[in-house]
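Chemist: what follows is a predicted structure for the sequence shown.
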Amino acid sequence: MTVETSGAVSPDDPDWDPDEHVRFARYRRAFDEVAPPDAAALIAQVLTDPDKGMANSAVCEYLDRRAAELLTGPAYPAWRLEMTGPVGVDDFSTQRLNEWTLLRAMTLNEPWDAENLLAASNWLQLRTAEKSSATTVLEVLAESGRTRRIRNIAGSRLSTAQRSMPAGPEH
């Protein structure tokens, strides 16, 4: 599958394979090889697959990889804007892109809303609890994370972070 292939993915396509596992593998290869300027078109095409769960899984795998590469760099905002259109047809992919943007804000110590973090998926809460070193983020998740596992991980990492903080001035 290449971006040059036009139109929606359907049984009418000469390259169609009825096995969704074969199509998923084909999508993964296409995302591995896609040039960044062609990614939006490929996403739009993949999201026309009749198996919505498989299609958004392939798209989210690409979004996860690319967002992780760009997360703290200056290219992320433009990339996010470019992805917004094609993923807009799929709620799951849209949520994942929005969660990466929230993760970016927390990582770069930009303004973010605790309610958005608490409304986020288990995926984002767990990833954040495991990787963030920001005490404010860990406090929110330790107190109100969605699952006990998230709360425990955040609480443990918060305790470690607080122990490693320099003591304040003595009076």
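Modeler: The structure has been received and is ready for your questions.

Chemist: can you pull out the low-pLDDT segments for the chain?
Modeler: 1-8, 10-14, 16, 167-171 (pLDDT under 70).

Chemist: break it into its domains for me.
Modeler: The chain breaks down into these domains under automatic domain parsing: 1-108, 113-171.

Chemist: save these as a markdown table, and put in mean neighbour count too.
Modeler: C-beta: built from backbone N, CA, C; applies to glycine. Converted to a markdown table, those look like this (neighbours: other C-beta atoms under 10 Å):
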| stretch | mean neighbour count |
| --- | --- |
| domain 1-108 | 16 |
| domain 113-171 | 15 |
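
Chemist: report the separation between residue 56 and residue 121.
Modeler: 13 Å (C-beta to C-beta, to the nearest Å).

Chemist: same thing with residue 91?
Modeler: For residue 91 relative to residue 121 (C-beta to C-beta), the value is 12 Å.

Chemist: and for residue 68?
Modeler: In terms of C-beta to C-beta, residue 68 sits 16 Å off from residue 121.

Chemist: in the protein, which helix is the longest?
Modeler: helix 52-70 (DSSP state H).

Chemist: now do that one: distance to the chain's middle.
Modeler: 7 Å (C-alpha atoms, centre = their mean, to the nearest Å).

Chemist: just the terminal-to-terminal distance for stretch 72-92.
Modeler: The first residue of stretch 72-92 is 23 Å away from its last residue (C-alpha to C-alpha, to the nearest Å).

Chemist: tell me the SS of residue 110?
Modeler: coil (DSSP: H, G, I helix; E, B strand; the rest coil).

Chemist: please work out how many residues are found near it.
Modeler: 10 (other C-beta atoms under 10 Å).

Chemist: that one reaches residue 104, doesn't it?
Modeler: Yes: applying C-beta atoms under 8 Å, one finds residue 110 in contact with residue 104, separated by 7.5 Å.
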